[in-house]
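> predicted model follows, preceded by the sequence.
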Amino acid sequence: MEDSYDIVNIIIPAVSVLVVLVLFLVQNRAAVRRSMIRAIVRIAVIFSSAGAAAADTAMFDRIIARCGYSYDEKQDIFFSAMDAWQRAVGYCRLYDEAAAPMGMIIDCEPVYFEYDNRRWLVEFWKGQYDLTTGCEIGVYTTDRPDINIPGIFNGTFYRCAGDDDMLSLSCSLIKNRPLFQREGKHWWLTGFQLGMFSEPSDLMMYIGVTLKDAVMRDAFLKGMDAAGYTRDEIRVNGNTVRFVFNRPHTAQPYTRTEKTDRVIQAKNEFLCNQYKEITKGMTTMPEKIEAVRKAAPALYDTIIDIGKSKKLFDAYKKVKRYLR
């Protein structure tokens, strides 16, 4: 309703201006009339464009909010919202295994440790998420035993960190040059650049994690040791740990194979090129999204499921009833 009200406030004054100008034309010479008509047309186009742009922007904001994301116009990236729906579905290794078959060719780097009588997982990701190049840092905890779902999953299921367990995180994604940077206290710090195609090996992720205290920092460092990092690869300043995620040190999902990666990445690159062709010459993200919606509905559906898709988290439905 507010969006409609704003558009009306734009259009009504424009119509009033047009009426006054038309009455003026009736009383003046043809030459002036032709000049003023051209001016009226330009004014009408401006106001019409402003109204359409406002509507497109409002719709765009609603769509991405429903998907659990916000948009940073300055950096031209999508990022996860604090209250994203994904916060309710936790995390487990099953999600990483499901990523590649669903079009996400991403490097995973989980760091496991124990602190405050709970098991923690801080995981890092970078790579190609269908039509986007991006990266993530997720913080998860559990005080419950492992679950065993015969034929589906046997292992630890983590809850997304609550407000008291969020950590101060930072990341910069590099591909020959800096693409974007993110920082803040969060449970899931992310960034996704639409239309960019990358191999995971093309990307470097500069990471900072500030732990709650020295005990948690040391537990996290033990987890880094177990993941295969040497102390030469890590910088520690107080309770903040910094390192570069370039080549994964941990075993990658079984679903990541050279042949299947090549096939999926060919599809991802095709989609990125299709997006670029449709949006050529356009300057704003709402304008681009609307153009794709009209020209390629299937591509639009992929875009609004940006980052880790809802299909990926369908795995949660398989484990939910085992979470007692």
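The structure has been received and is ready for your questions.

> what's the neighbour count on the closest residue to Met82 other than its chain neighbours?
Nearest residue to Met82, sequence neighbours excluded (C-beta to C-beta, 6 or more residues apart in numbering): His186, at 7.0 Å. From N, CA and C alone the C-beta is placed, and that goes for glycine too. For His186, the tally of surrounding residues (other C-beta atoms under 10 Å) stands at 21.

> same deal with the one 10 residues further on?
Here the number of neighbours of Met196 (other C-beta under 10 Å) works out to 18.

> cool, and Asp213?
Around Asp213 there are 11 residues (other C-beta under 10 Å).

> just the pLDDT for it.
Among the per-residue scores, Asp213 shows a pLDDT of 98.

> same check, this time on the one 10 residues further on
Per-residue confidence at Gly223 stands at 98 (pLDDT).

> if I've got this straight, it is in a helix?
Yes - per DSSP: H, G, I helix; E, B strand; the rest coil, Gly223 lies within a helix segment.

> what sits against it?
111-113, 120, 122 (C-beta atoms under 8 Å, 6 or more residues apart in numbering).

> not counting sequence-adjacent ones, nearest residue to it?
Phe113 (3.5 Å).

> circling back: got the phi and psi for the residue nearest to Met82?
phi -160, psi 170 (degrees, to the nearest 10).

> Ala81 is in contact with that one, correct?
No - using C-beta atoms under 8 Å as the test, His186 is too far from Ala81 to be in contact (10.0 Å).

> by contact count, what packs against the helix or strand where Gln128 lies?
Per DSSP states H and E: Gln128 is located in strand 118-129. If you count contacts as 3 or more C-beta pairs under 8 Å, 6 or more residues apart in numbering; DSSP states H and E, strand 118-129 packs onto strand 104-115, strand 132-142, strand 167-175, strand 204-210, helix 214-227.

> could you give the angle of it to strand 167-175?
20 degrees (axes from the mean of the first three to the mean of the last three C-alpha atoms, to 10 degrees).

> got the buried residues for strand 118-129?
119-129 (16 or more other C-beta atoms under 10 Å).

> neighbouring strands for it, and are they parallel or not?
strand 104-115 (antiparallel), strand 132-142 (antiparallel) (DSSP bridges).

> before we move on, back to that, quick check: the farthest pair among the buried residues of strand 118-129?
Using C-beta to C-beta, the buried residues of strand 118-129 span at most 30.0 Å, a distance reached by Arg119 and Gln128.

> count of neighbours near Thr230?
9.

> look up phi and psi at it.
Dihedral angles (degrees, to the nearest 10) for Thr230: phi -90, psi 160.

> what's the separation between it and Trp187?
Plainly put, Thr230 is 28 Å away from Trp187 if you go by C-beta to C-beta, to the nearest Å.

> what of Thr240?
Taken as C-beta to C-beta, the span from Thr240 to Trp187 is 18 Å.

> neighbour count for these two, which is higher?
It is Trp187, of Thr240 and Trp187, that has more neighbours when counted by other C-beta under 10 Å, with 23 against 14.
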